[in-house]
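Asks: okay, structure incoming, though there's no sequence with it:
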């Protein structure tokens, strides 16, 4: 079994063999090994549920791969509501011809990342389609929401500080470099952000949001709209790795619209901003965090839902969400 | 917006437009409309979690479509553990060039089926890949497991009656007919089986299993292995619609290995079999249910995990799981 064939999607003996040899070995746990139609697990009063599909190309890139990415993406979506990630499912859609060695590597990377993020892979599914060896993965996640937790896009409040947990655009730059065959040591930031979120649990965080497709500007514009606020960010304050800044300069890219896979926006009342920043910087994957702006009361109805960038030279530029294609298949 | 382009997968303005015009309109509910990274909902002490991806072709067929199918498949997987289906997520992977009218029809069909099955679509995701208009959908589901419920493949017990809730092979035959351009009134059986499972809740059901890819023989063989039992089914007792039987006769197909999408295997203690059968037959999608066999104690260690068919002429034939391809992309 070196290549995936249509038989691996039949639901019969070849499917069993695939599941047994690759997924069961990699994901081995008591719940999954029951091989039932659904996993039965402990629940909680409030749960968070999310889903994300991953179609990234290439499958392996500097700093990560689709396996690490698909766990991180779903874990970070759960964390964005303050949930404690608990269970994750994986649905593989595999094109005929896919290399089973790659599948094994991906499954191992998923399991390793799941262990890091404290989440258990409890259910899976495999389908095969015609094609040329592509691999697509859906991960859906369930987390517990601790009592008293209320973190939502709608909670952004006047005066909140806006923190970003690290450098912008790393994932986007790493992928683009791989596709353009540019030799670089820029690495994807794909990472599970449990430690950052756990460090903030007693700080009355208003809003958390994963910065992915569309980049920081798209995410902040959406948050401004959801909360009916104005958000102002400072160009000077935006953290960007020097290598990524140089890469963007050459290619004419704007880090504000470049995707990450291990960064969050955090909104907290101003008086807690320094404490929050310190805790984030002390957590895994948080050392480059920075306070980048403020949420303010809109001056008029027209100003509700707006996002402004105060540029290095003091101008104010209104930012919209990403227009057009961006970088296709970034996650 | 008549066709899907790569921009619809950017996470920017085109993605928002797609979500707003098609999915939000179709799925409209309070939880989904919050547009958060994860949905926060009520939980329970025990929950069931499952995932399934759908790559069926064609997208529309006699009696159903990928939208109805993807809700039913995941609902039935939850029901197979005795769970009450509550929440479902949908992850769309769409090929460039897909027709947005088709997407609208599919989304409407999903919502209609979700309402029928009493499940709420709480989260979604959309990705776009190169290709020629294909549409793939992952649905992951969460259900509550009522206290005292213990339904599992491992619970099949000596003497249990084996019931199948209706005719075999309808979905497979409808799809194959569509692909071969054969004009037929055979319809897919894709249906949510809540009413059947609800009717059995006080009857100490041991095992429930959705009959899908691989057909009844594959499912029963897997159940025999999981429970370490011998299962014997009677060819005479197998319910098959006359039109499907004729269709299979012409094409040389065996209904035992043909997929359904609205049928379950039910295992109950023998003394409850008639009562269970009556209740199933009185439920939606259950009128053709039949008692088709028995679980028996294996006569030797070699016999554990075996499945036998007693043929019309009294012979005993050992059945394995589906070998080879079956019908590709049946779900």
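Replies: Everything's here; your move. Keep in mind it's a predicted model, so treat the numbers as computed, not measured.
Asks: quick check, central residue of chain A?
Replies: For chain A, the residue nearest the mean C-alpha position is residue A:73 (3.4 Å; C-alpha atoms, centre = their mean).
Asks: summarise which helices and strands the helix or strand harbouring that residue is packed against.
Replies: Per DSSP states H and E, residue A:73 falls inside helix A:66-79. Helices and strands touching helix A:66-79, by 3 or more C-beta pairs under 8 Å, 6 or more residues apart in numbering or on different chains; DSSP states H and E, are strand A:46-54, strand A:84-95, helix A:100-117, strand A:135-144, helix A:194-199, strand A:207-210. Bear in mind the C-beta positions are built from the backbone N, C-alpha and C, glycine included.
Asks: for those, which one sits closest to residue B:198?
Replies: Closest to residue B:198 of these, according to C-beta to C-beta: strand A:46-54, at 22.8 Å.
Asks: returning to what we had before: avg pLDDT for the helix holding residue A:73?
Replies: Average pLDDT, helix A:66-79: 98.
Asks: starting at the chain centroid, how far to that helix?
Replies: The chain centroid and the centroid of helix A:66-79 are separated by 5 Å under C-alpha atoms, centre = their mean, to the nearest Å.
Asks: for stretch A:16-32, same thing?
Replies: Stretch A:16-32 sits 25 Å away from the centroid of its parent chain (C-alpha atoms, centre = their mean).
Asks: start and end of it, how far apart?
Replies: Stretch A:16-32 stretches 14 Å from its first residue to its last (C-alpha to C-alpha, to the nearest Å).
Asks: can you pull the residues of the stretch 51-200 of chain A lying near chain B?
Replies: Residues of the stretch 51-200 of chain A lying close to chain B (C-beta under 8 Å from any C-beta of the partner chain) are A:51-55, A:76-78, A:80-81, A:83, A:87, A:89-93, A:122-125, A:127-129, A:134, A:136, A:138, A:140-145, A:152-154.
Asks: tell me how many other residues surround residue A:2.
Replies: As a burial measure, residue A:2 scores 6 neighbours (other C-beta atoms under 10 Å in any protein chain shown).
Asks: likewise residue A:272?
Replies: Residue A:272: 17 neighbours (other C-beta under 10 Å).
Asks: export the helices and strands packed on helix A:66-79 to TSV and tack on mean pLDDT and mean neighbour count?
Replies: TSV is the format used below for the helices and strands packed on helix A:66-79 (pLDDT from 0 to 100; neighbours: other C-beta atoms under 10 Å in any protein chain shown):
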stretch	mean pLDDT	mean neighbour count
strand A:46-54	98	28
strand A:84-95	98	25
helix A:100-117	98	19
strand A:135-144	98	28
helix A:194-199	98	21
strand A:207-210	97	26
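Asks: so which strand or helix has residue A:14?
Replies: Going by DSSP H and E, residue A:14 is part of helix A:13-18.
Asks: what does that helix contact?
Replies: Applying C-beta atoms under 8 Å, 6 or more residues apart in numbering or on different chains, the contact partners of helix A:13-18 are A:1, A:4-5, A:7-9, A:100, A:126, B:213-214, B:320-324.
Asks: residue contacts, residue A:134?
Replies: A:55, A:57, A:94, A:95, A:98, B:129.
Asks: now, among those residues, which is nearest to residue B:241?
Replies: For the contacts of residue A:134, the nearest to residue B:241 is residue A:94 (33.0 Å; C-beta to C-beta).
Asks: need the contact list for the closest one.
Replies: Contacts of residue A:94 by C-beta under 8 Å, 6+ apart are A:4, A:8, A:9, A:103, A:126, A:127, A:128, A:129, A:134, A:135, A:136.
Asks: beta-bridge partners for it, please?
Replies: residue A:128, residue A:135 (DSSP bridges).
Asks: if I look at it, how far off is residue A:236?
Replies: 46 Å (C-beta to C-beta, to the nearest Å).
Asks: roughly how far apart are the spatially closest residue to residue A:306 that is not a sequence neighbour and residue A:204?
Replies: Once flanking residues are discounted, residue A:306 sits nearest to residue A:230: 5.1 Å by C-beta to C-beta, 6 or more residues apart in numbering or on different chains. Between residue A:230 and residue A:204 the computed distance is 21 Å (C-beta to C-beta).
Asks: likewise residue A:150?
Replies: Look at residue A:150 and residue A:204: by C-beta to C-beta, they are 9 Å apart.
Asks: and if you look at residue A:24?
Replies: Distance, residue A:24 to residue A:204, by C-beta to C-beta: 43 Å.
Asks: which one of the two has more residues nearby?
Replies: Between residue A:24 and residue A:204, counting by other C-beta under 10 Å, residue A:24 is the more crowded of the two (17 against 14).
Asks: how near is the residue nearest to the more buried one when sequence neighbours are not counted to chain B?
Replies: Using C-beta to C-beta, 6+ apart and skipping the chain neighbours, the partner closest in space to residue A:24 is residue A:33 (6.7 Å). Distance, residue A:33 to chain B, using C-beta to the nearest C-beta, to the nearest Å: 11 Å.
Asks: state the pair within the contacts of helix A:13-18 that is farthest apart.
Replies: A:100 and B:320, at 23.0 Å, using C-beta to C-beta across those.
Asks: on that earlier part again, out of the contacts of residue A:134, which comes closest to residue B:172?
Replies: residue A:94 (21.6 Å).
Asks: quick one: buried residues of stretch A:241-251?
Replies: Within stretch A:241-251, the residues scored as buried using 16 or more other C-beta atoms under 10 Å in any protein chain shown are A:241, A:243, A:244, A:245, A:247, A:248.
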